[in-house]
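Asks: Below are the sequence and a predicted model; questions follow.
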Amino acid sequence: MNKALRKAVIAGNWKMNNTPAQTKALIEELAPLVADADCGVVVCVPFIDLHAALEATKGTNIKVGAENCHWAASGAFTGEVSAPMLKEIGVEYVVIGHSERRQYFGETDETVKARTRAALDNGLLPIVCVGEVLEQREAGITEQVVTSQTTKALEGVTAEELKKIIIAYEPVWAIGTGKTATDEQANEVCAIIRSLVEELYSKADADALTIQYGGSMNDANADGLLAQSDVDGGLIGGASLVASKFAAIVKAASK
Ligand code: PGA
């Protein structure tokens, strides 16, 4: 990656794992291991764990994110959590449009766009996820899929707001499967996203955008993936639940 132009961010996506007590314990184990990181370090945790995470990360370089937020500020949306609620308690990041939300909870490009808007309007930093499923890769339409998801998510986003966004390229076939994209496959699609952003905004905006790779990134493959010119960090699922593995990825991004 080009460190002169942009900063790497390693974000853990805990998914539906860890209770508040486990959250405290994992962050206390992780904090000393990543204290000298030369990249952004974020843990995105379940809503119920946010307080424990915010408490445990006080005085550390670890930032806290949520895994979703609703598009409305308040209202009759039983079971949902809004961006102003997250902002008020001190959350900084929010994952939007993760493939599991698209797959299991009816998330669409339209709702991803609405949630991204809500996050930006409330001063949260969105990590917007895009990526193709296996059949789309096999049909040779990865570029089309990722281009259309990214374009839709960025609709109405100004150049100033783009500076607050991270895009995470996560090929769905590589998530939780142990099948990582090769270094070249990851870089190729991250570069496609960067060219698209250059077309939609400008070269300077594209150069400054942090684009993460996600999908079975771990302590063993992080070095190769993060050495790619257009891969600016990672969104880490399974390996973010083990302090030593997550810390090793942070170390790889700090090189
Ligand atoms: P994984 O998950 O690292 O377990 O593949 C990545 C993600 O879903 O963000």
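Replies: That came through fine.
Asks: just the strands in the stretch 151-255 of the chain please.
Replies: Ranges of strands within the stretch 151-255 of the chain are 166-169, 210-214, 233-236, based on DSSP state E, counting those that start in this stretch.
Asks: who does the residue in the stretch 1-150 of the chain that the ligand sits nearest to bridge with?
Replies: Closest to the ligand within the stretch 1-150 of the chain is residue 13: 4.1 Å, counting by Cβ to the nearest ligand atom. In short, each C-beta sits where N, CA and C put it, glycine included. Beta-bridge pairing of residue 13 under DSSP bridges involves residue 44.
Asks: count of residues packed around it?
Replies: By the criterion of other Cβ atoms under 10 Å, residue 13 has 27 neighbours.
Asks: residues touching it, list them.
Replies: 44, 67, 95, 98, 214, 235-237, 240 (Cβ atoms under 8 Å, 6 or more residues apart in numbering).
Asks: how about a cut-off of 7 Å?
Replies: Counting by Cβ atoms under 7 Å, 6 or more residues apart in numbering, residue 13 touches 44, 67, 95, 98, 235-237, 240.
Asks: which of those residues come close to the ligand?
Replies: Of the residues in those, proximity to the ligand by Cβ under 6 Å from any ligand atom holds for 235-237.
Asks: Reformat these into a markdown table and put neighbour count next to each item.
Replies: Shown next, in a markdown table, are those (neighbours: other Cβ atoms under 10 Å):
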| residue | neighbour count |
| --- | --- |
| 235 | 27 |
| 236 | 29 |
| 237 | 22 |
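Asks: Going by distance to the ligand, which of these wins?
Replies: Once Cβ to the nearest ligand atom is applied, the member of the ones next to the ligand among the contacts of residue 13 that ends up nearest the ligand is residue 237, at 2.2 Å.
Asks: What residues does the stretch 51-200 of the chain have near the ligand?
Replies: So far as Cβ under 6 Å from any ligand atom goes, the stretch 51-200 of the chain lies against the ligand at 170, 175-176.
Asks: Show me what the strand or helix carrying residue 117 is packed up against.
Replies: Using DSSP states H and E, the element containing residue 117 is helix 109-121. Applying 3 or more Cβ pairs under 7 Å, 6 or more residues apart in numbering; DSSP states H and E, one finds that helix 109-121 contacts strand 93-96, strand 125-130, helix 142-153.
Asks: Between the ones you listed, which one is closest to residue 110.
Replies: Evaluated over the helices and strands packed on helix 109-121, closeness to residue 110 peaks at helix 142-153, with 7.3 Å, by Cβ to Cβ.
Asks: pLDDT of that closest one, averaged?
Replies: The average pLDDT within helix 142-153 is 98.
Asks: Can you tell me which of the contacts of residue 13 is nearest residue 199?
Replies: Relative to residue 199, the closest of the contacts of residue 13 is residue 235; by Cβ to Cβ it sits at 24.0 Å.
Asks: Show me what that closest one bridges to in the sheet.
Replies: Those that pair with residue 235 in a beta bridge, by DSSP bridges, are residue 11, residue 214.
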